[in-house]
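Chemist: Sequence and computational prediction follow.
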There are 2 protein chains.
Amino acid sequence: MATKKKNKLKVIPLGGMEEIGKNMTVFEYGENIIVVDCGLAFPEDEMLGIDLVIPDVTYLEKNAEKVRGIVLTHGHEDHIGALPYVLKRLPVPVYGTELTLALVENKLVEHDMAGKADLRIVKQGQTIQLGPFKVEFIRATHSIADAVSLAIDTPVGMVFHTGDFKIDQTPIEGEPMDLARIAELGKKGILLLMSDSTNVERPGYTMSERVVGDTFDSIFRGAKSRIIVATFASNIHRIQQVLNSAVKYGRKVALCGRSMINVVTTAIRLGYLSFPEDTLIDIDRIKRFKPEELVIITTGSQGEPMSALSRIASSSHKKVEINEGDLVIISASPIPGNEKMVYNVINELFKKGAEVIYDALTDIHVSGHARQEELKLMHRLTKPKFFVPAHGEYRHLKMHAKLAASLGMSEKNIFTMSNGKVLELTSRSAKIAGTVQSGSVLVDGLGVGDVGEIVLRDRKILSEDGLIIVVATIDSVGNQMADLEIISRGFVYVKESEELIEEVKNLAREALVKAVSRRGTNWASIRNAIKDELNTFLYKKTKRRPMIIPIIVEVQPQGMQRLESVRSPELPM
Amino acid sequence: MATKKKNKLKVIPLGGMEEIGKNMTVFEYGENIIVVDCGLAFPEDEMLGIDLVIPDVTYLEKNAEKVRGIVLTHGHEDHIGALPYVLKRLPVPVYGTELTLALVENKLVEHDMAGKADLRIVKQGQTIQLGPFKVEFIRATHSIADAVSLAIDTPVGMVFHTGDFKIDQTPIEGEPMDLARIAELGKKGILLLMSDSTNVERPGYTMSERVVGDTFDSIFRGAKSRIIVATFASNIHRIQQVLNSAVKYGRKVALCGRSMINVVTTAIRLGYLSFPEDTLIDIDRIKRFKPEELVIITTGSQGEPMSALSRIASSSHKKVEINEGDLVIISASPIPGNEKMVYNVINELFKKGAEVIYDALTDIHVSGHARQEELKLMHRLTKPKFFVPAHGEYRHLKMHAKLAASLGMSEKNIFTMSNGKVLELTSRSAKIAGTVQSGSVLVDGLGVGDVGEIVLRDRKILSEDGLIIVVATIDSVGNQMADLEIISRGFVYVKESEELIEEVKNLAREALVKAVSRRGTNWASIRNAIKDELNTFLYKKTKRRPMIIPIIVEVQPQGMQRLESVRSPELPM
């Protein structure tokens, strides 16, 4: 027991600090680790060609034998999206509520990992024991059903991790957030609060999800045409409200978009959606109903170019086309960075003759994250000794720290953390003690982590000004064995720039001749000479900097003969 | 006179319809054309590497002898930015107010065209005659000084072109918008109204520029640290208000950013800014003042990576660095598409220890465009027979058309136009009558229009998955004269993927051998065979589609000898 007393609790965010996305936090005590969430992030603009970003979990791999499990707060991508990648390297049990794990299982199926993970369902209100950690799942309200906050009882004290939350007093399904239990824990004493910071910039309260239902209701009441609602597939409560209004006004509902169909099917199977059995119809049957008898719920509320709504808008969807008078409701706000895509889709829909209702015009969306007054309430109820603002960009964390201080918390008890920083806690103290490896692993197609800075830098150069390839064919003593080949892509129309390409060829030839005469057959130095010459010329001539790739092929004196032998007629084809 | 009666007025937007940017409208009557505005647009996300976009003015070039001049409404880039390009091809007189033309002259200097254009100053309230057109410059209020609406008297009737406007009853400098004159024109009868649609989605009124001054004042009053204000260089009134607060609270002002210095210098020279002479100090002298004695006004309010504020935030600015406690005010809203860049800069500033005040938190910016109630007032005052919503994406134009209809206008008198469409008007009728060439010309470095769809498509492929070059060296009968060269860029780390590249090489070699044996030396078909083989293999292996560039070099049997000859020692270097 003596050694146990000396142990400290380490809290190590591996993602989610100074960023929105890839949420993942490590709790370590002695020989035991639990991990809260395992999310992905979407690539930044400069991460050209990258599909998604996951946390660097080297620290967990090095301590694999300690990891007792991964505990999930809810089923959003930024909390579960990295699981298929992480579980391959770290096959540990995963704990979450029923819907959360069903969404995880859907993801695993997509990665050919169906049934390969150890997924353990925990109900809201239940407590599990993982090594020295007692983890209580506390009902939370958020823009997805079955979300929880976590009360993690550790040997040094209680940690309260809010997960993503808003305090919705009138949620669509089930009970409100279990504030009574949180207050009780607060009274007993909470050592550390980690709390969602996403909406800390916004004063007041986030409106209840129910107000969107009222808006739907008033829109549906007056509508005489077909209604198409785009929203997040995971927002089961939003979808329930569309279903409610559809039922009320005698409309059938069809689903559109792969993830919409997957998630809704899962939610129905688990009983998270309720409606009369004949409400849902297959998308193939929509032609049999009059416009005023139909609602289509679709993905694509962020204007993603390959999503169902984008394809509908651009008339490239196989099953749904926009008819004059269709009413399209985009029940979502553009996530920063997606604005242009969303507006492009809205413009296209208008052009096709649809009426479009979107966030700029009506209260057709509410956030799933707590605003300032809700955050203050969380602080007041939990009354933590220490506080770590979580789930936010730097400005959010900073402002949440200020908000905590404005409630009377001592600034030395507030820790604004970066990913990889280690917060070390005893029952009475907390301090930053070191750093572990952390960072972003880029996923590009099947490649995980094989695209790094150099590749991205090259992609950036190529994306801006294209490339020019110069192939010189030389024998081992420097005789040119073929005329230079100049190939360009993404630079200029070759047809319109024949003259320019001819100039490039001449310059490259001169540079080659000069370099060979000066430096013999030092290929690297010849390549550099060609590159420098063309860079200077092209920048002066075009103010562009295409990537210049000089290739020098050294011809074998006698040839390699292999092709010829294959070509001999006596060989069978 | 008989022929004159038959003439119709043609109104042809060459830019600004279904887009925000490159505003340009042609008014044609018989043998006479005037052009209103000549703006640029910023490139769409998919226009990789493009610097800016200008209107296609082929129609004007073909009718060059008819063009009497270009008339400018104000000095924003989306109204004057294409002038340096267009004036090269169409050297016609340019009419505008004093500040507008001074900003044009600044642009011309940057393009080495100083003094080469025929710029003619027109005062607010003045009227000019251009062929059969009488153009009256009417004082307007907007987020730049010296803006005008245009009343264009034509042989078929009066056209009222609002330009960009808001109805600011308490503008910072000078008189309010000349609503009395507009009402007078409306009473006389306006045939066609063309009106700004940018803010048609927003209900109510746009707040007066003056409220921002009040916000500055309350911030400056309480501030004990250095203040850095980022805003648009062209927003002279905003800058005046910063100067006012600075003077009031005893602070010196330094300017930062090339365009800020240029525009403010011009505005001072022309008398558009007023302040005590010793207020402005050179940026090199800021170290001599205490933080509480200083304000820095800088460019970069959109988070542009090369702007002064971005460089200040990333500690790469030569003259200004962020000190703990600096107060940074970002007095602008992110233009759609710029949100992420702006937030990145804000996060960086917070990390450096600055306090940052931005739009999400305080009323620190107002728009320069009229909201719904102002637009309605404009309609009520002008009472036009026909209406063309202008300056907006499709959804804005559509909504503005609806707004006009809601005021009682007949829908058949409202024309929602696209660029290139011709609206033909008589004194009693209006109809769409054909289309002229229009579109976007892409400017990339010094190239104007040399980057088109193929180049952009190539850049997109290159940006996402990079490229692989395969060089095969073969003699004229198909003997391979050197081993294959495989070069990749922007695809994978070559070091970590040696095995993959080796596989690519083997596959390419097999494809080459097979193709030569089947098809002989048909180079095109050999190249396609290699491309197909590698595409399939790489997509299966990596789920990526790099651009594959097979190059086949045919070696001359005897070599070309030229390099050798240069290398001979007897030749002079």
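Modeler: It's in. Residues are numbered from 1 along each chain as shown, chains lettered A, B, ... in the order given.

Chemist: switch to C-alpha atoms for all contacts and neighbour counts from now on
Modeler: Will do.

Chemist: Let's verify the residue of the stretch 151-300 of chain A found nearest chain B: helix, strand, or coil?
Modeler: Residue of the stretch 151-300 of chain A nearest chain B, by Cα to the nearest Cα: A:E201 (6.6 Å). With DSSP: H, G, I helix; E, B strand; the rest coil as the basis, A:E201 sits in coil.

Chemist: Please name the residues that touch A:V109.
Modeler: A:G115 (Cα atoms under 8 Å, 6 or more residues apart in numbering or on different chains).

Chemist: how near is it to chain B?
Modeler: Computed as Cα to the nearest Cα, to the nearest Å, the A:V109 to chain B distance reads 18 Å.

Chemist: Pull out the buried positions in whichever strand or helix holds that residue.
Modeler: Using DSSP states H and E, the element containing A:V109 is helix A:98-110. When neighbours are counted by 16 or more other Cα atoms under 10 Å in any protein chain shown, the buried residues of helix A:98-110 are found to be A:98-108.

Chemist: Could you look up the next helix or strand downstream of it?
Modeler: strand A:119-121.

Chemist: pLDDT of whichever helix or strand comes after that following strand, averaged?
Modeler: Moving toward the C-terminus from strand A:119-121, the next helix or strand (DSSP H and E) is strand A:127-130. The average pLDDT within strand A:127-130 is 98.

Chemist: is chain B contacted by the helix or strand harbouring A:S463?
Modeler: Per DSSP H and E: A:S463 is located in helix A:453-465. Yes - using Cα under 8 Å from any Cα of the partner chain, helix A:453-465 reaches chain B at A:454-460, A:462-465.

Chemist: Quick check on those: which are buried?
Modeler: A:455-460, A:462-465.

Chemist: got any ranges where chain A has weak pLDDT?
Modeler: A:1-5, A:360-361, A:493-496, A:557-573 (pLDDT under 70).

Chemist: Select the longest helix from it.
Modeler: helix A:498-519 (DSSP state H).

Chemist: Quick check: the residue of the stretch 201-350 of chain A nearest chain B.
Modeler: A:N347 (5.2 Å).

Chemist: Count the residues that sit near A:S438.
Modeler: 19 (other Cα atoms under 10 Å in any protein chain shown).

Chemist: sec struct for it, please.
Modeler: For A:S438, the assignment made with three-state DSSP gives coil.

Chemist: residue contacts, it?
Modeler: Counted by Cα under 8 Å, 6+ apart, A:S438 has contacts A:14-15, A:55-59, A:419-420.

Chemist: That one and A:N23, how far apart?
Modeler: 12 Å (Cα to Cα, to the nearest Å).

Chemist: A:S488 too?
Modeler: For A:S488 relative to A:N23 (Cα to Cα), the value is 43 Å.

Chemist: more neighbours, these two?
Modeler: Comparing A:S488 with A:N23 by neighbour count (other Cα under 10 Å), the higher total belongs to A:N23, at 30 against 20.

Chemist: can you pull the contacts of the residue nearest to that one when sequence neighbours are not counted?
Modeler: Counting by Cα to Cα, 6 or more residues apart in numbering or on different chains, A:G16 is the residue found nearest to A:N23 once chain neighbours are left out, at 4.2 Å. Shown in contact with A:G16 (Cα under 8 Å, 6+ apart): A:22-24, A:390-392, A:419.

Chemist: A:I414 now?
Modeler: Contacts here follow Cα under 8 Å, 6+ apart; on that basis A:I414 touches A:386-388, A:401, A:404.

Chemist: Go through those residues and say which is closest to B:K166.
Modeler: Nearest to B:K166 out of those is A:A401 (Cα to Cα; 39.4 Å).

Chemist: where's that closest one, which helix or strand?
Modeler: helix A:394-406.

Chemist: follow-up on the earlier one: so what secondary structure elements neighbour the strand or helix carrying the residue of the stretch 201-350 of chain A closest to chain B?
Modeler: Element membership of A:N347 [criterion: DSSP H and E] is helix A:339-351. When contacts are defined as 3 or more Cα pairs under 8 Å, 6 or more residues apart in numbering or on different chains; DSSP states H and E, helix A:339-351 sits against helix A:308-313, strand A:355-357, helix B:394-406.

Chemist: Say whether chain B is contacted by the shortest one.
Modeler: Pointing back at strand A:355-357 there. No - judged by Cα under 8 Å from any Cα, strand A:355-357 stays clear of chain B, getting no closer than 8.9 Å.

Chemist: Understood, closing this out.
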